[in-house]
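*Asks:* sequence below, structure please.
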Amino acid sequence: MIRSRDNEQLKTIRKLRQKRWRERLDLFVAEGEDLVEAAAAAGWEPEILLRAPADVDPELLAEASGLGSGARAIGVYRPRWSAAGGSLSLELHDVHDPGNVGTAIRSAHAFCDGPVMLGPGCADPFSPKAVRASMGSIFARPPARGRARARRIALVPYAGRTLAEVAVEPPLVLLLGGERRGLPAGLDADEVVRIPLREGGPESLNVAMAATVALYELGTRMAAHG
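*Replies:* Numbering: from 1, shown residues only. This is a model prediction of the structure:
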């Protein structure tokens, strides 16, 4: 039973809240029983696994956790990366919010057979906030680096044809940009599309919501076409 906040495992967990330590140690944390169980189900072996009260005093584990309510289990893992590819996948650029990155990973896991590819300027997918937002999909479908060889469709507000008008012959890559500036200038795409929004509704969707809607639409149509 760990009863000191100076325990080396607890120190490591606290360090991993910071990106520089995640990069230096090549480790990340998953906080909460659901995430630890998702990692085990996907075959990930933890470098550290602490459960309260079996392994550590609950107050000490809560203090090490970044969750406001604390955590009853925390696992530490080594990052993994998928290979780019698949009949349908998602490529993100300049998405700075780790919550949006994690949610996009979950949406891609739900609607694609390919991973999320992370371009320049994206938040760390293995940050605590991104891992939590992925709801375990980070383990089942880790993100990718690099680009897939596929037809590239850029999703841009107010421009291009609607998603329903786009041909869905695989492989396809959906491109989405950051929360404020969108896709970088000069990024090559074979087609520009938009999500038609209801008149009188919001002006736009955030990047994670847009990814979910677009991937569902494309994935459903792709499945229907066999």
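
*Asks:* just checking, what packs against the helix ranked longest in the chain?
*Replies:* In the chain, assigned by DSSP state H, the helix with the most residues is helix 207-224. Applying 3 or more Cβ pairs under 8 Å, 6 or more residues apart in numbering; DSSP states H and E, one finds that helix 207-224 contacts strand 88-92, helix 98-111, strand 151-155, strand 172-176. In this view, the C-beta of every residue, glycine as well, is placed from N, C-alpha and C.

*Asks:* now with 10 Å, please.
*Replies:* strand 88-92, helix 98-111, strand 151-155, strand 172-176, strand 191-194 (3 or more Cβ pairs under 10 Å, 6 or more residues apart in numbering; DSSP states H and E).

*Asks:* who wins for proximity to L25 among those?
*Replies:* Checking these against L25 by Cβ to Cβ gives helix 98-111 as the closest, at 18.3 Å.

*Asks:* now the closest one: average pLDDT?
*Replies:* Predicted confidence along helix 98-111 averages 96 (mean pLDDT).

*Asks:* span of stretch 156-170 from start to end?
*Replies:* With Cα to Cα, to the nearest Å as the measure, stretch 156-170 spans 20 Å from end to end.

*Asks:* hmm, I typed the wrong one, I wanted stretch 126-146.
*Replies:* Termini of stretch 126-146 sit 17 Å apart (Cα to Cα).

*Asks:* helices of this structure, start to end?
*Replies:* With DSSP H as the criterion, the chain has helices spanning 8-15, 19-25, 33-41, 58-64, 98-111, 128-134, 137-140, 207-224.

*Asks:* can I get the ones you listed in JSON lines with distance to G200?
*Replies:* Formatted as JSON lines, these follow (distance: least, Cβ to Cβ, whole Å):
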{"stretch": "helix 8-15", "distance to G200": "48"}
{"stretch": "helix 19-25", "distance to G200": "41"}
{"stretch": "helix 33-41", "distance to G200": "38"}
{"stretch": "helix 58-64", "distance to G200": "45"}
{"stretch": "helix 98-111", "distance to G200": "25"}
{"stretch": "helix 128-134", "distance to G200": "30"}
{"stretch": "helix 137-140", "distance to G200": "34"}
{"stretch": "helix 207-224", "distance to G200": "18"}
